[in-house]
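Student: Next input, structure requested:
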Amino acid sequence: MPLEKLGLFDTPPGPREVRLSLATVGLLVAALILIVPFSDIRAPEIDAFVPVSDTIMFLSDLIIASLLYAQASVFRSQALKVLASVNVFNALLIAAHALSFPGAFSPGGLLGGGVNTTAWLFVIRRAAFPIAVMLYVALKKAESRRSPATEQPTAGINMWILAAVLLAAAATMLVTVGHDLLPPLFLNRLDAIATNVDFVGIASLALYVAAMAALFRRPMSVLDVWLLVALSGFFAQMILNLASHDRFTVGFYFEYVLLVFATLVVLLALIDESNRLYVRLALATAARNREREARLVSIDAVAAAITDEVGQPLIATKLSASAGLSWLDRQKPDRSKAIESLRETIDAGDRTFEVIKRLRAALTSGSLSQFNLNDLVREAALLFERDLAAHKISLELALDDADLPMQGNRTKIQQVLSSLLANAIESVSAMPERARRVAIRSTLEGEKILLDISDIGVGILREKIDKIFDPFFTLSASGTGLGLSLARTIIEEHGGRLSVSSDKDRGTTFHLQMNCRRVAGKLHSSSSILEDAQVAVRPLTPVGLNVFRDEAADLLTLISSELAALREAGHDQAWLRGSMEVVVALERKLSSLV
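Tutor: Below is the predicted model of the structure:
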């Protein structure tokens with residue numbers, strides 16, 4: 001089951017986005033057709049127009065960059081970092097453009113440049129955007145082919161921002177200090193050199209055509225659609241620039257309108273689509289909370305059924321243990337009666353254990369779903385992506401090219417994979433001197449699915465490997481010792497096998513074998529216990545079960561202390577040893593209720 005797409009860069013556009021983008025491009029074309037015949041008409045000089053327009057674009061570029069950086073940090077996308085960084089670069093260049101524009105803040109402009117400084121800043125800024133879009137497309141293509149979990153730790157956002165600042169500073173230095181090294185584009189503040197401007201404009205047009213073609217060749221996302229609209233706005237601005245070269249004409253003013261439009265359309269699209277995605281996420285969260293509440297109601301009903309089923313054998317345990325204590329508490333203890341009572345206590349404990357086993361079988365049963373085990377492996381790898389990156393561990397997925405269809409409880413199989421992968425990460429993290437690597441390999445051999453999860457870690461000692469699947473046995477100081485035991489139980493319930501091999505020099509490999517066959521039905525048939533649980537509605541909780549268990553444990557403790565006192569008083573030692581063995585066996589049975 002594919003993960004829900006929540007990023008602007010991977011969410012396909014809907015009919016609304018497509019219609020709105022086409023309408024926007026249509027308006028651009030219509031406006032361009034209307035303006036071109038009047039583009040050379042000289043208009044009044046408004047000195048504040050360029051700084052105001054540049055300020056709008058400066059703020060818009062920075063807001064766009066912050067939104068894209070936020071998406072990039074969540075989805076760990078290098079492609080989005082490129083787009084965000086080019087907006088930082090363009091914002092800095094547009095600031096330099098406003099400061100150096102002749103007549104804006106001083107007759108010759110600030111920054112100590114020449115008559116062509118502003119024009120070349122404009123050209124560099126205009127060329128940076130399509131180059132960044134093409135790089136974005138290339139990186140996005142590479143990311144779609146690579147498993148997210150295999151991605152190695154990359155440069156952070158601060159490094160990208162620093163790179164954008166350094167490039168902007170270098171470009172500004174080039175057009176100011178190195179002003180005379182660049183071909184002239186303007187003769188003076190108003191008049192352009194048409195030949196040079198046309199050459200630069202045609203080259204820029206070629207970049208924009210290439211960027212739009214790169215976007216069209218890939219399945220487009222919402223972000224891609226609005227990037228195309230922005231590219232169309234810049235493209236229309238360059239067409240107008242070829243028709244009108246000079247400043248302070250009708251074409252000149254409309255060029256800035258198109259530039260502001262192209263910047264704002266991306267900003268507004270990002271804000272609008274981000275809000276829509278947040279609404280979807282809020283609705284999904286509300287639905288999940290409702291589902292959780294429904295499950296809690298079901299759990300309360302199941303708890304009532306557990307109390308009914310488990311209560312009777314536990315009460316029998318308590319009564320039998322009390323009788324045994326009574327026989328031992330007499331002045332002349334009746335050994336045969338006490339042993340009989342204690343054996344009845346063990347029998348009641350066995351019945352309790354069987355009830356719990358039937359309850360577990362009923363509660364873990366469910367309709368089987370078909371799924372591809374390879375897809376489940378990829379999802380598990382994605383869940384541990386940040387853990388792998390944090391520990392600088394590379395994950396190698398060598399999955400069979402063919403689908404590995406199986407039927408089972410998808411959630412429980414994923415729980416097994418997550419447990420095995422977590423163990424592998426913990427083992428490899430303890431080996432700083434080796435290349436940290438975890439490998440997952442799947443193959444299909446006849447009707448058997450084989451899955452190996454290997455790590456180059458500390459390995460498992462030979463004398464401990466036989467106990468690795470025992471309950472409460474753990475090699476980790478923070479572990480509970482239940483993960484691998486539960487994993488083997490789940491796999492065996494699905495008709496499979498889970499084993500382990502380990503070598504001190506090669507690490508540990510867990511071998512999972514499952515049947516590749518389609519079986520209709522359920523893992524376990526439903527029992528009457530689950531049916532009763534569906535209709536039982538009582539204000540009881542699993543705490544009641546713990547109360548019964550604690551009372552039985554207290555009785556056993558009391559019996560043990562009485563037996564110890566009898567032993568100190570010199571009573572029959574053989575009889576006392578036998579009684580203690582019965583008590584110990586009973587304690588083991590009761591411990592299974594934990």
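Student: Name the nearest residue to the residue minimising distance to the centre of the chain, ignoring sequence neighbours.
Tutor: The centroid of the chain falls nearest to Leu383 when counting by CA atoms, centre = their mean (5.4 Å). Once flanking residues are discounted, Leu383 sits nearest to Ser418: 6.5 Å by CB to CB, 6 or more residues apart in numbering. (Glycine included, C-beta is placed from N, CA and C.)
Student: quick one: contacts for the one you found?
Tutor: Ala380, Leu383, Phe384 (CB atoms under 8 Å, 6 or more residues apart in numbering).
Student: Which single one of those residues is nearest to Ser232?
Tutor: Leu383 (39.7 Å; CB to CB).
Student: quick one: the strands in the protein?
Tutor: Using DSSP state E, the strands of the chain run over residues 369-372, 394-398, 405-408, 437-445, 448-455, 497-503, 507-515.
Student: Against which helices or strands is the last one packed?
Tutor: Yep, that's strand 507-515 we're talking about. Here strand 507-515 touches strand 405-408, helix 410-429, strand 448-455, strand 497-503, going by 3 or more CB pairs under 8 Å, 6 or more residues apart in numbering; DSSP states H and E.
Student: and of these, who's closest to Leu207?
Tutor: helix 410-429 (44.5 Å).
Student: Name the residues of that closest one that are buried.
Tutor: 410, 412-429 (16 or more other CB atoms under 10 Å).
Student: before we move on, what about stretch 30-48?
Tutor: Ala31, Leu32, Ile35, Val36, Ser39.
Student: Give me the residues contacting it.
Tutor: With CB under 8 Å, 6+ apart, stretch 30-48 has contacts from 103-104, 236, 239-240, 243-244, 246, 248-254.
Student: got it, and stretch 128-146?
Tutor: So stretch 128-146 is contacted by 9, 77-80, 82-83, 85-86, 89-90, 93, 151, 204, 207-208, 210-211, 214-215, 217-218, 227, 230-231, 234 (CB under 8 Å, 6+ apart).
Student: Quick check on these: which are buried?
Tutor: Applying 16+ other CB under 10 Å to the contacts of stretch 128-146 flags 9, 77-80, 82-83, 85-86, 89-90, 93, 151, 204, 207-208, 211, 214-215, 227, 230-231, 234 as buried.
Student: Narrow these to those in helices?
Tutor: 78-80, 82-83, 85-86, 89-90, 93, 204, 207-208, 211, 214-215, 227, 230-231, 234 (DSSP state H).
Student: still on that earlier bit, could you measure the residue nearest to Leu383 against Leu373, distance?
Tutor: Distance of Ser418 to Leu373, given as CB to CB, to the nearest Å: 14 Å.
Student: my guess is Met514 contacts His494, does it?
Tutor: Yes - with contact defined as CB atoms under 8 Å, Met514 counts as touching His494 (6.5 Å).
Student: Low-confidence ranges, the stretch 301-450 of the chain, go.
Tutor: Residue ranges of the stretch 301-450 of the chain with pLDDT under 70: 301-313, 353, 355-368, 432-435.
Student: 80 - rerun?
Tutor: 301-332, 334-335, 338, 341-342, 344-345, 347-369, 382-387, 389-392, 411, 429-436 (pLDDT under 80).
Student: tell me the average confidence for stretch 19-34?
Tutor: For stretch 19-34, mean pLDDT is 88.
Student: This completes my enquiry, with thanks.
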